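**Q** Here is a sequence together with a model predicted from it:
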Amino acid sequence: MAAVRLYDRMVSNSGLDLEEENFDENERFHQETWGDGDLVVNSTRRSTRPQLQEKENGGDGNTMNMLASYYGLVGEEEATRDEIDQADFQMQAHVRQLLKHDDLEALLRRDDELVQEVKRLDSDMQMLVYENYSKFVSATDTIRVMKNNVNDMKAEMDSLAKNMEGIASRMQVVNTFLGGKRAKVDKLVSVRRLLKRLDFLFDLPINLNRCVQRQDFSMAVTCYVKTINILEEHSHVPSFKSIQRESDQIMASVRDELQRRVRQPTEDGFPTSPAELALYVRLLLELGVPKEGLKTQMLSAYNARFGKMLAALQKKDEERRAKKTSNGEEGGGAGAEAVAETIKRWETEFVQDLEEAVTLFRELFPSANDVDDTSVTNKSPEDDAELTELMRTLVSRHYLVSVRRLFQANLALIARIPRGDGHEFPVLALSLFLRVVRRLHRAGRGAGVLEEGVRLVLDVVRALVFLEVRGLQGLALRRLLALQARQAASLSSAAPSFAPRHELETFQTSATRELARALEALQGVVQGVEEGIQEALLEAGEDASHASPLSGSGMKASGPAREGVLYSEPLIPELSMGQYVFQFLAWLSDAVERVAGVPFRLTENDLVEVGEVRRSVFPERFFAHVSSFTSLLGSGQVEELGYPSSAVTSTALPQFALLLAVLCRDLQSTLWPQAMATLALVFPATMSTSEGGNLCEGEGNGRNSGYVGGGTSSTSGGLNRLSPEDVVACLKGSSSRLLQHCTETLGHDLALLSQTGGLDLASVAVGGLEVAGSVGGVTQATWGKTFIVRMEALVKEVGATLGVSVAGIGLSGGRRGERADLSRTPGPFSGIKGLHLDIERIFTAKVQDFGSPLGLTLDQILLGTLKAAFKAVIEWTRQDTMSQRTYCQLMVDVHLVRQAVGTYVKDARVVETLLDEVLISAGERTAADGLQGLDPLALSALASAEYSRLRTSMLSSSASSSAEASVSSPSSATAFSVRR
Amino acid sequence: MEPLITLPVDNDPSKSRDGGGRVRCVLWGPEQETNGKVLAVDGEKARLYALQGSSDAQEMSNFDLGVEEKGEVQAAAWDPHDPWKVAIAQGRGIRHLDMRMEQATGMTETEQSSGFCHRFGVKDVDFNHAKPYCFVTGGEDRLIKFWDTRRTGQGPVKRLAGHAHWVWTVKYNPCHDQLLLSAGTDNLVNLWRISSISSAPLWEPEEGPEAPDVRVLAIQDHEESVYAVDWSACDPFLFASLSYDGRVVVNAVPPSEKYKILL
């Protein structure tokens, strides 16, 4: 507090000038004393002082003005100074003021003004005086006349009073005379009314009977209800009693009749119309029939009525359809119109009635909270529960089932019609249906009609998509099989007529075209339905917000709310068409492998690699949620995919696998980006453009786009969602597996050639002749020649499939000419077993990867094939024992092949290593004495001689290409393959 | 060591490439009923011998395997649950022989009419000791396949792909059929835990390294094709493998796996 006092003193000393300083000081003070509670408090108090001070000093004038204005003292001085007319006008001061401030001109002008004003005032005053005087004169005259009149009036007033008295006395006389008669009349009137009533009462039974005869129950009930109270009142009188009894009997019969009518359908099988029914029920209510029983009766009557109605409608529809099919009208247009028509007809016949019924029911049995019962927000939970239940039963169990069946029956129709024509039908019919659903929803809220309806629509759309995709699948599969057949025919014929590149392109363009067409057709459907669904859902959402505060039962509120979550943006997760396209492509990659008979095709049950997250594709599973809908279609209406049996696929040509591998690769660069582009164009909502751009590159870089995120969040029905990266991975995986399959099979076939040679030799006498230029008695190569010839054919086939020009490739073309590098050849067969072989083995680089993915190049494919072939030869060699003769033969052949392989693959070392391995293994499996007498020089000479001989013959035969086909035909290989 | 008994073989040497006499495998009868019985499969026939005493063997029956037509025999396995049944890996399929009938019950029609288990050829077959009707095969298509003799028409129960070249041999652990050894010409020995189709499946999550079926070990110690693997006779978690270059590698099941099975 000391600080405050100090401050006050300072302020009083220095006044306003201190303000700034004080503020700064205040700050400083604040900082200095931080942490000391007492001082901090002081400082904060101080900080308010400068503002107060400011008000006191600077704001002085303002305050005064405000106060003055408040008390009405504004400008007193100035006003008096100016106003001549004021009472306290000070002449001297005014003149002084004028003299002081104004110049001569103004003073003169002012003088004139004043003089004129004075004159005007004088004349005015004169006028006033005259006027008032004349008025005064006339007034005096008038007063004199009035005085005379008043004297006459007095006499007249007296006579009037006397007359009035006379009238009053006479009236008194008349009244007393008439009084008795008037009472009599009143009594008579009341008696007459009573008599009339009695008459009605006595006639009541007759009247009632008449009404009943006329079937005018409402009249009867009105009469009865009106009279019954009176009858009750006078029931002690016997006649009344009898009347009451009689009319009670009649009314009992009426009640029975009414109840019968409510309970029972009329003769023609239909219960009475809702209006009639409501009338009966209202009458019954008036008759005092208990409410609850009536309610249930009415509901059950409704139930029976609408159930029958729907059944009849459905039957009629079926008959119509049957007639139509028997007439042969099966076109999509006819089907489309028929469905839309049927829905419309049902709407007029069924839905309208139902609406009416519901309204009438609500009128008859108003809900408990009548306060806000405006016929729209009619949601007393306990009262409406029954009606809601009825609605649910009627709509979901009858109406929706019928519509479902209708759609199902007609889906078959559009499944059969040509693509592109059918999408009118579902759109029209579905939007009609949605309209109906919304009507029904408005009629019976809380019955989940909307939800069920939307679900049905989605089901239909899903089924359409399913059929569409299935159609595409069937088409693609048939095309693949045709492709296979053509290739097989071409390969087995002498003159190959199969142009792989062309065929592949045709396949891709047609697939792209069909996919685009299907997408467009589906776009029509989805767009047509989307709006209706959105509106419906909006309505449901509003409903939910209305309902939530009221209904504690939870079920009603949770229905639409859940729906809102389920179908929020994007409209329908499963309908995001991208998924279907992805699934189709993934399926295609899968189907391709199936057709080619690749054994590594993934299935759910197989373990492929350790820890590998299996993202394999199972289209059947993806569409599993549709099957509930389509299963009712019957087996004949959904196209079964005619996969070839495994017996066929197991013998599929490896060349076909290669073709499909190339196809898979190409799909990534043709169909895939085009499909994405179409998708982005047709369903822009489902595809963000960035995604499309990303995918066109065909790069599965593992970036999780929003699409995938959205997919994982809604796991409805356990769908197997795919990301674009997955699809690319699928295609890539298929391609590499197909390729691997191809090289393996080709390698196996090539390896079998060596076995043929070996067998042939077994029949030749062992040991024997020492011919000049022979190696251990072997004078010529056997399977080596076939091997090379086969390789040549293979180079051509593969080259054609890959689109590589094969003119300059291979032995016959002399791509790289002869391999001059024969210097290493004497390595592994120097004829010394044991240690030497071991050393050889140690220094031979091991070739291990036989399963690694290969690139789609001619070199890689040939390398893979050769590797597989020679590895097989190695293993087979190790299984058998050999004679010296066989060993020599093998050596000659291996050397021949060894000279040729360099022309096929760039990196021949790997293959040569494997060939060495063959000889090492063979050496180990040969009897100890079998390795003697081998001349490496003779061997290489023999091999190169054979090689050049073969080459010249091939070069000449390549001119007449037909000869080659006969040599390289796989018949020799397959004949032996049985043995293996 | 001295040979006690020589099994008499009377083959026609001209019939097959190696004279038909090469015995591919010899199997002891696994149970009481077949005690003293020995099955020898050579390049031509399957022969069942009865050992009499310790010095004499008599051929009880034989079965012509039709090697020319069906392909060479690669391996055979005696069904531990049915003393008279044997499975022979021949060509691309598996043949089940009933030795009481003295004729084949026929080749298992594994992949429908074409009748093969493995593309290119089957290399080995082994029965599950703990679960009847179940056996496993390895083949030249690099796959290991599990079969159920009651459902061979539906294809394999499961397939494993973990080898880069032929799977030469597969061996169930004789005590714990969750464990399986496989070895092949890719110089690799694989130890698998295949719990989902074993006699006592372990409770495991669906995905990840804790999945029911995983490759526990991939032993790359061999530099040559591995042609034989076997489990230790005394310690059920010890196994050895033999490669072409004569190297034997002894290994043990990792303790964590062991405890998973035991606990």
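**A** In hand now; what should we look at? Numbering: from 1, shown residues only, chains lettered A, B, ... in the order given.

**Q** Where do the strands of the stretch 1-150 of chain B begin and end?
**A** In order along the chain, the stretch 1-150 of chain B carries the following strands (DSSP state E, counting those that start in this stretch): B:23-28, B:37-42, B:45-52, B:56-64, B:73-78, B:85-90, B:93-98, B:103-107, B:122-127, B:134-139, B:143-148.

**Q** Please point out which parts of the first one sit buried.
**A** In other words, strand B:23-28. Neighbour counts over strand B:23-28 (16 or more other Cβ atoms under 10 Å in any protein chain shown) mark B:24, B:25, B:27 as buried. For glycine as for every other residue, the C-beta is placed from the backbone atoms N, C-alpha and C.

**Q** tell me the mean pLDDT over stretch B:24-39?
**A** Averaged over stretch B:24-39, pLDDT sits at 78.

**Q** Return it as PDB; C-alpha atoms alone will do.
**A** Output for stretch B:24-39, consisting of C-alpha atoms alone and laid out as PDB, is shown next (Å, rounded to 0.1, in the frame of the first residue of the first chain):
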ATOM      1  CA  ARG B  24      15.000 -98.600 -55.800                       C
ATOM      2  CA  CYS B  25      14.000 -99.100 -52.200                       C
ATOM      3  CA  VAL B  26      13.500-101.600 -49.400                       C
ATOM      4  CA  LEU B  27      10.900-101.200 -46.800                       C
ATOM      5  CA  TRP B  28      10.300-103.000 -43.500                       C
ATOM      6  CA  GLY B  29       6.900-104.000 -42.500                       C
ATOM      7  CA  PRO B  30       6.000-101.500 -39.800                       C
ATOM      8  CA  GLU B  31       3.700-103.400 -37.600                       C
ATOM      9  CA  GLN B  32       3.200-106.700 -35.700                       C
ATOM     10  CA  GLU B  33       1.100-108.100 -38.500                       C
ATOM     11  CA  THR B  34       3.800-107.500 -41.100                       C
ATOM     12  CA  ASN B  35       6.600-108.200 -38.800                       C
ATOM     13  CA  GLY B  36       9.400-109.900 -40.800                       C
ATOM     14  CA  LYS B  37       8.000-108.800 -44.100                       C
ATOM     15  CA  VAL B  38      10.200-106.700 -46.400                       C
ATOM     16  CA  LEU B  39       9.100-104.900 -49.500                       C
END
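
**Q** does residue B:239 have beta-bridge partners, and which?
**A** For residue B:239, the beta-bridge partners under DSSP bridges are residue B:231, residue B:251.

**Q** if we can go back for a sec, same list (the strands of the stretch 1-150 of chain B) but as TSV, adding distance to residue A:465.
**A** Conversion of those to TSV gives the following (distance: least, Cβ to Cβ, whole Å):
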stretch	distance to residue A:465
strand B:23-28	56
strand B:37-42	56
strand B:45-52	57
strand B:56-64	57
strand B:73-78	50
strand B:85-90	47
strand B:93-98	43
strand B:103-107	45
strand B:122-127	44
strand B:134-139	41
strand B:143-148	36
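
**Q** most neighbours per residue, which of the ones you listed?
**A** Among these, judged by mean count of other Cβ atoms under 10 Å in any protein chain shown, the one packed with the most neighbours on average is strand B:134-139 (a mean of 27).

**Q** Relative to that one, what are the paired strands and their orientations?
**A** Taking DSSP bridges as the criterion, strand B:134-139 sits next to strand B:122-127 (antiparallel), strand B:143-148 (antiparallel) in its sheet.

**Q** Just give me the lowest mean pLDDT stretch among those strands.
**A** Here the lowest mean pLDDT among these goes to strand B:143-148, at a mean of 86.

**Q** got a list of contacts for that one?
**A** A:599-600, B:94, B:108, B:110, B:117-118, B:133-139, B:156-163, B:167, B:170, B:180, B:182, B:192, B:194, B:197 (Cβ atoms under 8 Å, 6 or more residues apart in numbering or on different chains).

**Q** Buried ones from those, can you make that a PyMOL selection?
**A** Burial among these is assessed by 16+ other Cβ under 10 Å; the matching PyMOL selection reads:
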select buried, (chain A and resi 599+600) or (chain B and resi 94+108+110+117+118+134+135+136+137+138+139+156+157+158+159+160+161+162+163+167+170+180+182+192+194+197)
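
**Q** Identify the residues contacting residue A:500.
**A** Residue A:500 is in contact with A:487, A:659, A:662, A:800, A:801, A:803, counting by Cβ under 8 Å, 6+ apart.

**Q** does the first one really touch residue A:658, like I thought?
**A** No: using Cβ atoms under 8 Å, residue A:487 is not in contact with residue A:658, being 9.9 Å away.

**Q** and the two? which has more neighbours close in?
**A** For residue A:487 against residue A:658, the residue with the higher neighbour count under other Cβ atoms under 10 Å in any protein chain shown is residue A:658, and the figures read 26 against 22.

**Q** Give me the secondary structure label for the more buried one.
**A** Counting by DSSP: H, G, I helix; E, B strand; the rest coil, the backbone at residue A:658 sits in helix.

**Q** Let me know the helix or strand that the residue lying closest to it once chain neighbours are set aside is in.
**A** Across the structure, with Cβ to Cβ, 6 or more residues apart in numbering or on different chains as the measure, the residue nearest residue A:658 apart from its sequence neighbours is residue A:742 (4.3 Å). With elements taken from DSSP states H and E, the one containing residue A:742 is helix A:724-762.

**Q** and the angle for the following helix or strand past that helix with helix A:724-762?
**A** Remark: after helix A:724-762, the chain's next helix or strand is helix A:783-802, criterion DSSP H and E. What separates the directions of helix A:783-802 and helix A:724-762 is an angle of 160 degrees, with axes from the mean of the first three to the mean of the last three Cα atoms, to 10 degrees.

**Q** right, is helix A:783-802 up against chain B?
**A** No: using Cβ under 8 Å from any Cβ of the partner chain, helix A:783-802 stays clear of chain B, with a minimum separation of 15.0 Å.
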